[in-house]
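Q: Let me see the structure of the following:
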Amino acid sequence: MATKWYAIQTTSGHENKVRSLIERKIENDPCPEEERPIRQALVPMQQAVEIKNGKKITVDRKIFPGYVIVEMVMNQETLHGINSIQGVIKFVGKGWEPQPLRQEEVNRLLGVEDETADEEPKDEIPFMVGQVVEIVEGPFSDFSGTVEDVIPDKGKVKVSVSLFGRPTTVELDYLQLRSG
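A: Numbers count the residues shown, from 1 in each chain. Model prediction:
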């Protein structure tokens, strides 16, 4: 039996609950493990860096909120079994026909053949161009300015501040800023 990966749309915020219910269904299947029509369910996650109370923390974020991916053999029994789980809205596909995910999509979601999987989590800079920000530390603390550019790979933000009545652009670490 060839299994494929399918995406399931779930009620928003219930992804982990749906995953747990599918896992319980798998555990209760009397078939030997290699013959089970439903093999595994995952909520694709990635690590991101956020700032909470002025400190960098690493958090797990859902890559596709509202979706769970399932490795299974597609047939009427498994289709009905998954659709009957509380929180499942529908399989992703054309009309009523579930579409399996392409292998490269699955590899990316599972972190297979992905060089970036070993890198540190990317900082997510919470500022946008044109946003007014306050500088909270460094030589320009207590100044406010406007974001001109965001440089995510360096974790820097270019901010235009008024020095002696003239606009001056300074490059700052995003941790030195707060929304204005």
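
Q: pretty sure Thr11 contacts Ile89?
A: Yes - between Thr11 and Ile89 there is a contact under CB atoms under 8 Å: 6.6 Å. Where C-beta positions appear, they are placed from N, C-alpha and C, glycine not excepted.

Q: Return the alpha-carbon coordinates of the helix or strand containing Glu104 using PDB.
A: Take DSSP states H and E as the rule and Glu104 turns out to sit in helix 103-110. The C-alpha coordinates for helix 103-110 follow below in PDB (Å, rounded to 0.1, in the frame of the first residue of the first chain):
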ATOM      1  CA  GLN A 103       7.200  15.200  -2.700                       C
ATOM      2  CA  GLU A 104       9.200  18.400  -2.700                       C
ATOM      3  CA  GLU A 105       6.500  20.100  -0.600                       C
ATOM      4  CA  VAL A 106       6.600  17.200   1.900                       C
ATOM      5  CA  ASN A 107      10.400  17.300   2.000                       C
ATOM      6  CA  ARG A 108      10.400  21.000   2.700                       C
ATOM      7  CA  LEU A 109       7.700  20.700   5.500                       C
ATOM      8  CA  LEU A 110       9.600  17.800   7.100                       C
END
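
Q: Can you give me the buried ones in it?
A: The neighbour-count check on helix 103-110 (16 or more other CB atoms under 10 Å) flags 106, 108-109 as buried.

Q: now do stretch 73-91
A: Applying a neighbour-count criterion of 16+ other CB under 10 Å, one finds 74, 78, 81-82, 85, 87-88, 91 buried in stretch 73-91.

Q: And that stretch, end to end?
A: Start-to-end span of stretch 73-91 (CA to CA, to the nearest Å) is 13 Å.

Q: Could you list the low-pLDDT ranges of the chain?
A: 1, 112-123 (pLDDT under 70).

Q: Quick check: longest helix in it by residues?
A: helix 15-27 (DSSP state H).
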